[in-house]
Each structure stands twice: as C-alpha cells, then as structure tokens.
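Chemist: What would the 3D arrangement of this be:
(one chain, ligands or ions: 4)
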Amino acid sequence: MVSVILFSVPLVTHYYLSKYESSSSLGLNAMQNTLDALVDISTVNAEDLKIRIKEMLRIKASVSTELRELEERRGRLQKEAAAASAKAESVKAEYTRATAELQRLRVSADQARLAQLEAIRRDSPELAPPNQILPSRPPPIIPSLHPSSEVHCRMHSCFDHSRCSLTSGFPIYFYDPDIYSPLASAEIDGFLKTTLRQTLSYNAHLTRNPNEACLYLVLIGEAFPSNKNPSSTTEPYRLLLNETAIKQLPFWGGDGRNHVLLNLARRELSVGSGDAFLGTSTGRAMIAQSTFKLQQFRPGFDVITPPALGPPGGDVWAECAPMAPARRKYLMSFQGSKSPATDPNRDNDKQLIEALQKTAKDSPTSDVFFLQFECDPSVERRALLPIGDWALCGTDRSRRSVLRDSTFVLILAPADHTYASTALLQARLYEALRSGAIPVILGGDRTRLPYDEVLDWRRATLSLPKARVTELHFLLRALSDADLLTFRRQGRLLWERYMSSLQASVDTLIAVIRTRLNIPGRPVAPIMGTPAFNESYYPTKVEPPAVDSEPEETLGPLEAPYPSPAYRRNYSMILLQGYEMWNEWGEPFTIYPQLPWDPPVTSEARFMGSAAGFRPIGAGAGGSGKEFSEALGGDRPREQFTIVILTYEREAVLAAALARLRGLPYLNKVVVVWNGVTGPSSSTSWPESGAPVAVVRTQRNSLNNRFLPYHLIETEAVLCVDDDAHLRHDEIVFAFRVWREHRDRIVGFPGRYHAWDLNFNNGFLYNSNYSCELSMVLTGAAFVHRYYLWAYWRLLPAAVRDYVDEYMNCEDIAMNFLVSHITRKPPVKVTSRWTFRCPGCPVTLSADETHFHERHKCIQFFSQVMGYTPLLSTQYRADSVLFKTRIPHDKQKCFKFI
Ligand SMILES: *[C@@H]1O[C@H](CO)[C@@H](O)[C@H](O)[C@H]1NC(C)=O
Ligand SMILES: *[C@@H]1O[C@H](CO)[C@@H](O)[C@H](O)[C@H]1NC(C)=O
Ligand SMILES: *[C@@H]1O[C@H](CO)[C@@H](O)[C@H](O)[C@H]1NC(C)=O
Ligand SMILES: *[C@@H]1O[C@H](CO)[C@@H](O)[C@H](O)[C@H]1NC(C)=O
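Modeler: Ligands and ions are numbered 1, 2, ... in the order given. The predicted structure follows:
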C-alpha cells in the first residue's frame with residue numbers, strides 16, 4: 001500500500017507540472033487573461049463565463065482520461081515488476097537449493113571416493129575364520145595318573161586342549177544322570193536331575209554328540225550323608241563316590257580328561273563337609289563343588305560353586321531386600337552354633353567369640369549387634385551338626401528377617417582350618433547377598449569364594465584375618481554410606497547374575513572354564529522379524545513433497561548403507577575387558593557384535609597406520625562450518641545409524657515420518673516395527689525416504705517390541721523414534737554426533753525426571769515439568785547402542801517387561817532404568833530447539849492423568865524389582881561447540897541453528 005502511494009504521488013505531480021508548462025507555452029498572455037478574468041469576474045459577461053467553464057470542464061475530462069490511462073499502465077508495469085521479482089526470487093531459491101544439493105553431492109562423492117580408496121588399499125582380504133575344528137572321535141584311552149599326582153593337575157598338565165579349538169564354539173556333553181549315576185550311597189536327587197537337564201538345554205554350548213565335545217559334564221549329586229549317625233565323628237557325613245562307575249563312563253578315556261564332576265550341595269547343608277571326592281581318585285577330571293580342603297583344591301583347575309539353593313531359573317528379585325537405607329537396624333549379625341570341639345585340628349574360636357561378645361556389650365555407640373552363638377534347640381530343625389563348621393541356626397524365614405535387618409553379617413571361616421571352603425560357608429554367603437547384608441568373612445584370608453578366578457569378591461565382601469576381630473567394630477563404622485551401598489549393590493549383582501538360580505550357577509561354571517581357554521562364547525541370537533511384505537512385493541515409492549521446514553544446510557554425505565563392523569573382538573574381549581565383563585557392565589555368557597565399551601585407537605594412530613575408516617575434520621586439520629559438516633570427526637571410524645520406528649496401524653502418520661527422513665545423512669536403514677493385528681495395506685504407496693525401509697510385523701501388540709534386537713539392525717547406533725515425533729535433520733545429526741562420544745548412554749531429546757513424593761514420602765514420582773535437572777531421556781526420540789536392545793531382554797527382570805505390557809506404558813522408563821543400572825551414569829540430553837509430538841494432536845486431560853499415574857507406579861515398581869532406583873540426575877545439556885559463540889563474519893559455526 002505504502003509503495004503504491006509513493007509510486008503514484010510523483011507521477012501525478014509530474015503530470016500537473018508538465019500540464020502547467022504546456023499551458024504556459026500557449027502564451028503568457030492567455031494565462032494573464034485568464035487571471036485577469038478571475039480577478040474581475042463581474043466585468044465578464046455570462047456567455048464568456050459559460051464558455052470558459054466549458055473549456056475548463058473539457059480540460060478536466062481530458063486530464064482524468066489521461067490519468068486513468070496512466071494509472072492502468074502503471075498497474076500493468078507494477079504487476080510485471082512483481083512477477084519479475086517473484087521469478088527472480090524463485091530462481092535465487094532454486095539456485096541456493098541447487099548449490100546445496102551440489103555441495104551435498106560433492107560431499108557424498110568425496111566420501112564414496114574415500115571409501116573406494118580404502119577398499120582398494122585394504123588389498124589383503126580378511127582371513128575368514130577356519131572351519132570349526134571339532135574332534136570326531138571320543139577321547140582315546142590313555143593310562144591314568146597315579147592318584148598321588150592328581151593334586152598337581154593344572155590346565156596345562158591335565159586338560160586336552162586339542163579337543164577345544166578356538167573356533168569350536170566350546171561344545172559340552174552332559175551325561176544323562178538317569179543312566180550314569182556314579183554314586184555309591186544314594187540316588188541323585190530328582191529335582192537336581194530334572195532341573196539340570198532342563199537348564200543345560202538352554203545353554204548354547206550343549207551338544208548331543210559326545211564325539212565332538214570339548215567338555216564332559218557329570219552330575220554327581222549333592223552332599224549326602226553315608227552315615228546318619230550324628231555322634232560318629234570318625235565317619236564323615238559325605239557322599240561316597242563309586243569309583244568304578246566313574247571310570248566306566250563311556251568317554252572317560254582312561255583318565256577323565258576334560259571331564260567336570262559337578263557336585264551341587266542343596267539339601268543337607270548342615271551335614272558333613274559336603275565333599276564327594278575326598279579320598280577317591282578322580283584322574284584328570286576337574287571337580288566343581290562347594291567344599292574343598294586347602295590341600296585338595298587345585299587353583300585354576302577346580303571350581304568352587306555356590307550351593308544350589310535358588311530356584312531352577314527365572315526372576316529372583318522377589319527374594320531380595322531393598323538396598324536403602326544404607327544402615328540397617330543391626331550393625332552386624334551372626335546366627336550359628338558350633339559342634340563340640342574334639343578335633344585338635346580345629347581352631348579355637350572361643351577367644352574370637354569372647355572378643356565379639358565383648359565388642360557388642362561394651363559398644364560405646366548406639367550400634368546394635370545381633371550375635372547368637374548357640375542355636376535355640378526348640379527351633380533347630382537340623383539334627384546333624386557339621387564337622388568343623390558353624391551350623392545355621394533358625395528357620396530359613398527367621399534367618400532371612402534378621403539378615404534383612406543387618407548392615408553386615410558375620411561369616412566365620414570353618415573352624416576346621418584345613419578347609420578352604422565349605423557348603424555352609426557358601427550358603428551363608430548366598431543368603432547374605434540375597435538379603436543385602438554385607439558379608440564380613442573373619443578368616444577370609446584362608447577361604448575361597450565361588451568362581452573367584454573371575455569374580456572380584458573384594459568389591460562385595462569384607463574379608464579379614466581372624467586377628468582383626470578386635471578392630472572389627474572400628475572398621476565397620478569407618479565405612480561411608482555410599483560405600484556401604486556400593487558393596488551391597490555389587491553383592492546383589494554378583495548374586496543375581498552368577499549364583500541366584502541353578503541356571504545362573506551352571507551357566508557360570510561353563511563360562512568360567514571357557515574364559516580360561518579364551519574361547520569366545522556363542523554369538524547372541526538376533527530376532528528374525530517377520531517381514532510385513534513378501535519378497536516379491538513392496539509398496540511403490542513416491543517422491544515425497546519437499547519439506548519446507550528443513551533449513552538449507554549440508555549436514556553430511558549421503559552414502560551407500562554401511563553396516564558397522566561386527567564381531568571383531570572375539571579373541572581379545574576376554575583378555576582386555578574380561579574383568580569388566582564379569583564384574584561390571586557385561587555378561588560373560590555370550591558375545592555381542594559390538595559393545596558400547598569397545599576401545600578407540602589412540603589419536604595419532606588415526607594418522608599412522610590405522611587411518612582406514614576415519615573421517616577426521618578437515619582431513620585432520622580440524623575446522624568448523626563446511627569442514628565440520630563434511631566429516632564425522634571424533635575418535636571413532638565412520639559409521640551410520642538405524643532408525644527404529646514403532647507404529648500402530650497409522651499409515652498416514654508413518655508415511656509422513658518416512659517422508660521427513662528424505663535426504664538425512666548417515667542414515668543406514670529404517671526399521672518400521674509394525675505393532676498391529678492387521679499388517680500394513682499393500683495398496684498404498686509409501687514415500688521414498690532415501691534409505692532402505694524394512695517393515696516387520698510383531699507377534700503381538702507390545703511396547704517392548706520397540707527394543708527387539710532385530711537382525712535387520714546392522715549399526716551400533718539405533719535411533720528410536722515414535723512415528724509422530726518431529727525431529728529436524730540437524731537435530732538428528734547433532735544427536736548422532738553426540739552419541740558417538742557417549743556410546744554407553746541414552747542420548748536424546750525429551751528429558752524427564754524422578755521427583756521424591758513429598759506428600760507420602762514413599763518413593764519417586766514421574767515428572768515432566770520444567771526443571772533444571774533430568775534423569776531420563778525418553779526413547780520416543782533417542783539414540784541407544786544396539787547392545788542395550790539385547791540387554792533389555794536378557795538383563796532386565798522379566799517382571800519389568802510384563803509390567804510394561806500390562807499397562808501399555810513405561811517401556812522408555814524401563815530402558816532408562818536399565819542403562820543407568822548398567823553404567824551408573826545419567827542420560828545425555830541434546831539441544832533445545834525442537835517440537836516433540838504433532839502440535840494439533842488432542843490429549844484429553846483425563847487420559848493424561850491416567851498416563852502420569854501409571855508412570856508414577858512404573859517408577860515405584862521398577863525400583864522395587866531392582867532393589868533401588870538406578871536413575872541418576874544430570875544438569876547437563878549438549879549443544880554444539882560454537883553454538884552462541886561470537887565468531888568473525890567470515891567464519892562459520894558447526895550448525896546454523898543448534
Ligand atoms: C559301582 O558301579 C558299578 C558299575 O556301574 C556297579 O557294578 C557297582 O555295583 C557299583 N557299586 C556300588 C557300591 O554301588
Ligand atoms: C506378495 O504380496 C502381494 C501383496 O500382498 C501379493 O499380491 C502377492 O501375491 C504376494 N506374492 C507372493 C509370492 O506371495
Ligand atoms: C567372531 O565370532 C562371530 C560369531 O561366532 C563370527 O561370526 C565371526 O566371524 C568371528 N570373527 C572372527 C574375526 O573370527
Ligand atoms: C507441575 O507444575 C505444576 C505447576 O507448577 C504443578 O501444579 C504440578 O503439580 C506439577 N506436576 C508435577 C507432576 O509435579
């Protein structure tokens with residue numbers, strides 16, 4: 001409007017000026033006359049006046065006609081000008097787009113050239129693993145050792161490595177306990193037989209072919225008294241092995257090489273030493289049981305197992321006590337009674353007991369001790385007293401309630417100091433860890449704990465020589481709450497993973513021996529998804545409409561799909577990270593294609609010898625803007641990510657989501673998890689997303705399906721998104737770059753936190769209010785490592801997933817619990833600029849309230865299952881390095897907007 005006025009005013013003025021000039025050119029006189037006439041109007045006659053008025057009217061008419069014409073012409077010109085400038089605009093935009101596209105193509109071409117060059121340079125093909133070398137015959141019969149040499153058996157002298165090649169996969173043969181029962185005194189316990197057979201059938205190493213086996217497992221049974229006379233001390237209460245039966249095992253090979261004789265203590269814990277093998281000759285076989293004499297145990301060869309006190313398998317969390325508060329009612333407890341000391345070999349624990357009682361009585365503090373050195377005979381259900389060890393007092397139930405109230409529990413090394421371990425000691429350890437009482441083992445310098453060649457018990461127990469008894473109280477009080485909780489948490493971790501159930505215990509036994517040989521486990525099984533479309537059919541793809549909201553910015557090259565290298569650490573994993581695998585984040589029972597903890601090469605190695613695959617910024621010179629956007633940089637080789645979209649029968653929403661991905665750099669594949677009864681319709685066409693799209697149908701509608709480790713996922717980085725999440729490309733690429741530096745964490749957008757329930761004081765509530773602290777990043781838009789998809793199904797208790805299914809909610813909270821539990825780190829939130837859900841989507845208030853209510857409950861239930869709330873808070877958010885930095889005009893930032 002303003003421009004129209006500005007434009008027309010000068011035109012009109014010009015017209016009048018020119019008119020004036022042209023009239024003056026007629027002669028100054030005429031002008032003068034007219035003026036005179038106006039001055040003396042009365043002297044002019046009426047006729048003249050009329051003529052003059054007419055004349056004036058005529059002039060006016062002609063002027064307005066001319067004006068109109070000019071106005072029209074002006075309008076025309078204006079329109080033309082507008083059209084021309086619009087065209088110029090569009091051409092300019094087209095030019096920008098084309099330049100950007102060209103830039104992108106150039107970057108992509110450069111990358112492709114680089115990749116090709118790398119492929120050529122790597123001229124030596126990778127060695128394919130050799131065929132599995134498996135023995136084809138049973139072990140040949142060779143003469144056995146002299147029984148007196150058996151005690152010197154070690155892996156190098158008594159184990160036949162030739163049956164267990166590196167690539168063999170560690171096959172194990174299990175003698176059917178119904179047929180081979182090497183007990184002289186009794187039948188093997190029926191429960192053990194059935195459970196063990198079933199448990200082993202889940203173990204990937206089990207083979208039915210004894211000829212190819214590396215290891216032979218023989219179930220002996222459990223410690224069982226051969227003599228039920230409690231007063232006899234000459235005849236130990238122990239199970240008698242039928243040596244003849246053992247030596248007649250079909251694959252014994254004369255000396256029992258590669259055999260493991262497994263003796264699981266279960267029922268008669270208070271009885272005897274629980275040693276099945278004392279005094280018998282077992283050739284070159286390994287022995288796995290809970291009871292060992294010091295001189296009998298062969299380190300690195302025999303294995304100390306926990307007693308089989310737990311269920312066959314499955315969830316065990318309900319057995320455990322919550323970990324908080326750090327300090328419980330009793331500082332320390334002990335319940336036990338000792339057999340009358342008649343054996344000169346036995347320790348004189350009398351002084352020890354006196355010292356303990358004195359500590360408890362004379363305590364200058366308010367610390368409460370619960371010490372019971374005599375069993376109440378009216379409650380005592382076990383008539384038999386142990387040989388040289390402390391019997392358990394009380395019922396299982398009463399013991400459990402005391403343990404749940406104890407910060408520490410005292411475990412006394414067997415009074416008979418020729419023992420390194422007894423079933424009773426192991427049973428005490430088992431029940432202590434289960435209830436979260438931190439074991440304090442007096443005489444622990446002599447004893448050995450289960451699987452101690454791989455498990456670090458120093459982080460879960462306090463092990464002291466008996467001489468420290470007087471310093472005990474001081475020591476226990478010196479520990480901080482944080483340390484108490486760390487001990488307790490670690491104890492529970494070891495208990496849950498390696499000894500809680502028979503399955504855990506047997507899997508661990510096998511993994512321990514496999515670890516010794518550095519044979520990699522079997523690869524973890526991916527889920528083979530049911531494709532929603534058959535091989536010959538896929539919906540036609542259409543070019544999606546251009547998305548206006550995407551800023552014109554080159555974010556990286558569009559490359560051909562490049563899967564992350566898999567299984568590159570089969571033989572170094574155990575050596576370099578075996579400790580962490582057993583004691584921290586890992587799981588030693590299987591191998592994964594990649595782990596978030598795989599180490600990077602050193603900085604200069606990226607330029608000296610190990611450069612293949614790396615994409616340093618500015619080829620190593622660094623930089624921002626263009627150089628930055630062209631290269632991934634960082635300390636890891638190039639990689640891509642997979643997007644996993646969970647959708648429920650919303651084809652239009654899904655199509656829009658796929659369309660938005662067009663042109664997204666580093667995208668390897670889109671996996672659509674189709675949660676729904678009916679599959680996607682085959683008639684519609686889907687937008688081209690620029691990367692392969694795989695659609696899998698699920699067995700049933702479950703939010704847990706979002707975390708199924710599908711075989712289709714070939715990259716370490718997995719971006720989980722809801723179908724209605726709107727993420728811009730720069731945000732996705734930035735989050736990917738951040739994730740590459742925080743591979744073991746959840747890296748994503750929507751932050752939430754857990755807030756203490758101030759009203760009822762009994763747990764945490766879910767909260768999505770504005771806050772400067774967060775503890776969860778929702779997996780509706782977050783990067784996670786592919787490993788966690790397996791961990792979600794293998795490490796998380798099934799009760800958590802069942803809860804998610806029951807309420808159709810909280811799978812994202814569960815994933816946050818899992819990752820924080822494994823890493824003890826909070827998630828990473830990136831950038832602020834973004835909108836999560838479709839802005840127009842209606843959310844009813846009541847639905848919202850139910851949703852929140854359920855999520856409160858989820859947090860509380862998950863915490864109960866895990867014994868604590870693993871979430872950790874963070875006040876940190878990742879923005880790109882030059883975001884909001886003042887930089888010179890000729891320099892560029894990392895991203896234009898984030
Ligand atoms: C020991 O096993 C052998 C062979 O299986 C059997 O013949 C013998 O009777 C068994 N001895 C005892 C005492 O059970
Ligand atoms: C594949 O699926 C399409 C569409 O659902 C169907 O028309 C076609 O017959 C199927 N082909 C085969 C080989 O099953
Ligand atoms: C490592 O083990 C996996 C799984 O068994 C196998 O596929 C892969 O080829 C092995 N890699 C090497 C380098 O041996
Ligand atoms: C969020 O904040 C509002 C007002 O600040 C408050 O009324 C509401 O209870 C808060 N919600 C939660 C879940 O804490």
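Chemist: need the residues of the chain near ligand 2, please.
Modeler: Asn534, Ser536, Tyr537, Ser682 (Cβ under 6 Å from any ligand atom). C-betas here are computed from N, CA, C, even on glycine.
Chemist: residues touching the last one, list them.
Modeler: In other words, Ser682. Residues counted as contacts of Ser682 (Cβ atoms under 8 Å, 6 or more residues apart in numbering) are Phe533, Tyr537, Pro539.
Chemist: how much space between the second one and Ser685?
Modeler: Summarising the geometry, the distance separating Tyr537 from Ser685, computed by Cβ to Cβ, to the nearest Å, is 12 Å.
Chemist: All the strands of the stretch 151-300 of the chain, residue numbers only.
Modeler: Applying DSSP state E, counting those that start in this stretch to the stretch 151-300 of the chain gives strands spanning 172-174, 206-207, 215-221, 259-263, 286-289, 292-293.
Chemist: Where in this protein is the helix or strand with the lowest mean pLDDT?
Modeler: Here the helix or strand of the chain ranked lowest by mean pLDDT, DSSP states H and E is helix 2-25, holding a mean of 47.
Chemist: Which helix or which strand is home to Glu354?
Modeler: helix 350-361 (DSSP states H and E).
Chemist: Quick one: mean pLDDT over that helix.
Modeler: Taken as a whole, helix 350-361 has a mean pLDDT of 88.
Chemist: Just the ones of the residues of the chain next to ligand 2 in helices?
Modeler: Among those, DSSP state H puts none in helices.
Chemist: who wins for neighbours among those residues?
Modeler: Ser682 (11 neighbours; other Cβ atoms under 10 Å).
Chemist: remind me, longest helix of the protein?
Modeler: The chain, longest helix under DSSP H: helix 46-121.
Chemist: Which strands or helices does it pack on?
Modeler: helix 2-25, helix 28-39, helix 625-630 (3 or more Cβ pairs under 8 Å, 6 or more residues apart in numbering; DSSP states H and E).
Chemist: Please save the CA atoms from the shortest one in PDB.
Modeler: Only the C-alpha atoms of helix 625-630 are listed here, as PDB (Å, rounded to 0.1, in the frame of the first residue of the first chain):
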ATOM      1  CA  GLY A 625      31.300 -25.000   9.000                       C
ATOM      2  CA  LYS A 626      32.000 -26.800   5.800                       C
ATOM      3  CA  GLU A 627      34.900 -28.900   7.000                       C
ATOM      4  CA  PHE A 628      32.800 -29.900  10.000                       C
ATOM      5  CA  SER A 629      29.700 -30.900   8.100                       C
ATOM      6  CA  GLU A 630      31.700 -33.000   5.700                       C
END
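Chemist: just checking, what packs against the very next helix or strand once past that helix?
Modeler: Per DSSP H and E, the first helix or strand lying C-terminal to helix 625-630 is strand 641-647. For strand 641-647, the elements it packs on are helix 651-660, strand 667-674, strand 717-722, judged by 3+ Cβ pairs under 8 Å, 6+ apart.
Chemist: Pipe those into CSV and attach mean pLDDT, mean neighbour count and distance to Ala611 per row.
Modeler: Listed next are those as CSV, based on pLDDT from 0 to 100; neighbours: other Cβ atoms under 10 Å; distance: least, Cβ to Cβ, whole Å:
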stretch, mean pLDDT, mean neighbour count, distance to Ala611
helix 651-660, 88, 19, 35
strand 667-674, 94, 24, 22
strand 717-722, 95, 24, 22
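Chemist: which stretch among those comes nearest Gly314?
Modeler: strand 667-674 (26.6 Å; Cβ to Cβ).
Chemist: now the closest one against strand 717-722, angle please.
Modeler: On the basis of axes from the mean of the first three to the mean of the last three Cα atoms, to 10 degrees, strand 667-674 is oriented at 40 degrees to strand 717-722.
Chemist: circling back to that earlier point, centre of the chain to the helix holding Glu354, how far?
Modeler: 47 Å (Cα atoms, centre = their mean, to the nearest Å).
Chemist: Contacts for that helix next, please.
Modeler: Phe334, Phe369, Leu371, Phe373, Leu410, Leu412, Leu442, Lys466, Val469, Thr470, Leu472, His473.
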